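In: Let's see this in three dimensions:
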Amino acid sequence: MVGIVRYAWFVLVFNVGVILLGALVRATGSGAGCGRSWPTCQGVLLPQLEGATAIEFTHRAVSGIALGLVALLAVLVWRRAGPGRPARTGALLSVVAIVVEALIGAGIVLAEWVGEDTSVARAVAVPLHLVNTLFLLAVLTLTVFWLSGGAPLDWRSRPSVRRMVVLGAVALVLISATGAVTALADTLFPKGGVAPETTEHFLTRLRVVHPVLAVLAASAGWWVSVRSGFGDGLATRLFPVLVGLMVASGAVNVLLGTPTWTQLVHLGLADILWIVFVWVSARALSAQVTVDV
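Out: Take a look at the predicted model:
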């Protein structure tokens, strides 16, 4: 099973790269690079690769590769893991999640909620897309966990741990969703740029929600991470460090005026934090703690 575990890790890391590339599309305003055309780009399979078209096309191509990698992982897991193994469920849910991811992306393109669009619909679609992305990373992480020998999750015992896991997951999802809205606002209405002609746009007013929630959740995260019941593995010790790095990178991002590279660093840390949280939670909720990273 060593080979398939390594492959599962590769698929997980590859999808983090796809997410960062998607953020680059948004940060550079390249979402309209292929026009109102999907799955083709500019109505053709291989457009002229320059500017926004090159960035958007690259993201679509890499996303297609990610879908194929996840599908192959599911096939390998169903062949290698026996009936009733939780890894089968994780692999199947990963396929569902990445297909939904592709459909949401297609809907955003076809509805033209890209480029300079400032509609409410886009402000809703972007965080929803992000929530599904978190689900994808979660089920891929659980698949790796179970392939590595992790026990099935036991939601009935240890209710105090269960409550902390649920509250932590909800907090991280809300922070990520509001972060997606803030990033969209920073792209459409960059600080120091030309002010909107009329009254301040609602997206700019929502900027403050993300940092406030992040600071509150970070404080709670530090406290929860040192509570008993989550084991003493590397992932558990890494969690508070990542929380601190997230807060620091967020502050640097704001102080520097949200340049693209700091946005990508902040998002990358957020993805790693979420993966570590899912792993630590899986260990805590397992009937038997048998693995660590």
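
In: mind listing the helices in the stretch 151-293 of the chain by residue range?
Out: Here the stretch 151-293 of the chain has its helices, by DSSP state H, counting those that start in this stretch, at 159-188, 202-205, 209-225, 234-255, 260-285.

In: I meant to write the stretch 1-150 of the chain there.
Out: Using DSSP H, counting those that start in this stretch, helices in the stretch 1-150 of the chain cover 2-27, 51-80, 86-110, 120-147.

In: which of these is buried the deepest?
Out: Greatest average neighbour count among the helices of the stretch 1-150 of the chain goes to helix 120-147 (a mean of 21), per mean count of other Cβ atoms under 10 Å. All C-beta atoms are positioned from the backbone trio N, CA, C, and that covers glycine.

In: hang on, the earlier thing: now the helices of the stretch 151-293 of the chain as a markdown table including mean pLDDT, distance to residue 63 and mean neighbour count?
Out: Converted to a markdown table, those look like this (pLDDT from 0 to 100; distance: least, Cβ to Cβ, whole Å; neighbours: other Cβ atoms under 10 Å):
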| stretch | mean pLDDT | distance to residue 63 | mean neighbour count |
| --- | --- | --- | --- |
| helix 159-188 | 85 | 17 | 19 |
| helix 202-205 | 72 | 25 | 15 |
| helix 209-225 | 68 | 25 | 17 |
| helix 234-255 | 83 | 25 | 17 |
| helix 260-285 | 91 | 15 | 21 |
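
In: Could you export these to TSV, including columns for distance to residue 24?
Out: Below are those laid out as TSV (distance: least, Cβ to Cβ, whole Å):
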stretch	distance to residue 24
helix 159-188	11
helix 202-205	20
helix 209-225	20
helix 234-255	15
helix 260-285	7
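
In: ok, residue 203 touching residue 189?
Out: Yes: here residue 203 reaches residue 189: they are 6.6 Å apart, a contact under Cβ atoms under 8 Å.

In: Report the residue ranges of every domain in the protein.
Out: Per the record, the chain has its domains at 1-149, 153-293, by automatic domain parsing.

In: Run a quick neighbour tally on residue 33.
Out: Residue 33: 26 surrounding residues under other Cβ atoms under 10 Å.

In: ok, now the one 5 residues further on?
Out: Residue crowding around residue 38 was assessed by other Cβ under 10 Å; the count is 15.

In: Next, work out how far apart it and residue 110 are.
Out: 6 Å (Cβ to Cβ, to the nearest Å).

In: same thing with residue 148?
Out: 39 Å.
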